[in-house]
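Novice: Got a predicted model here, sequence first, then my questions.
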Amino acid sequence: MLAIFLFVLGSCDARPAGPKVRHVVLITLDTTRADHLGCYGNTTAQTPALDQLAAEGVRFASCASAASTTLASHASILTGKIGRAHV
């Protein structure tokens, strides 16, 4: 009986089956200055939905763009490639 118990106990795994699901929402704002949003310190900004998302999720304080145009920047964000790799 002890052998069966130890076998069953040894074959149990406390981790849930399958990978942990993480939800990702990517929000990019074109031509918007960070200091015009409440989550970046503007006390007069009227951006409650963005402020709540920033408070409950991950907000980056400093970012750099891979390109000066929106299309190329988004392509880099979504693929991890830069420059002429998109062509």
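Specialist: Received, thanks.
Novice: Quick check: the gap between the residue nearest to the spatial centre of the chain and G38.
Specialist: For the chain, the residue sitting closest to the mean C-alpha position, by C-alpha atoms, centre = their mean, is V24 at 5.1 Å. When distance is defined by C-beta to C-beta, to the nearest Å, V24 is 22 Å away from G38. No exception for glycine: its C-beta is placed from N, CA and C like everyone else's.
Novice: likewise T79?
Specialist: When C-beta to C-beta is the yardstick, T79 and G38 sit 31 Å from each other.
Novice: T69 now?
Specialist: Distance from T69 to G38, counting by C-beta to C-beta: 28 Å.
Novice: next one: G57
Specialist: The spacing between G57 and G38, counted by C-beta to C-beta, is 15 Å.
Novice: And these two? Which one has more around it.
Specialist: Under the criterion of other C-beta atoms under 10 Å, the comparison of G57 against G38 puts G38 first, with 17 against 11.
Novice: residues contacting that one?
Specialist: By C-beta atoms under 8 Å, 6 or more residues apart in numbering, G38 lies in contact with 45-48, 50-51.
Novice: Tell me the one among the residues you listed nearest to S62.
Specialist: Out of these, the one with the shortest distance to S62 is L50. That distance is 17.6 Å, counting by C-beta to C-beta.
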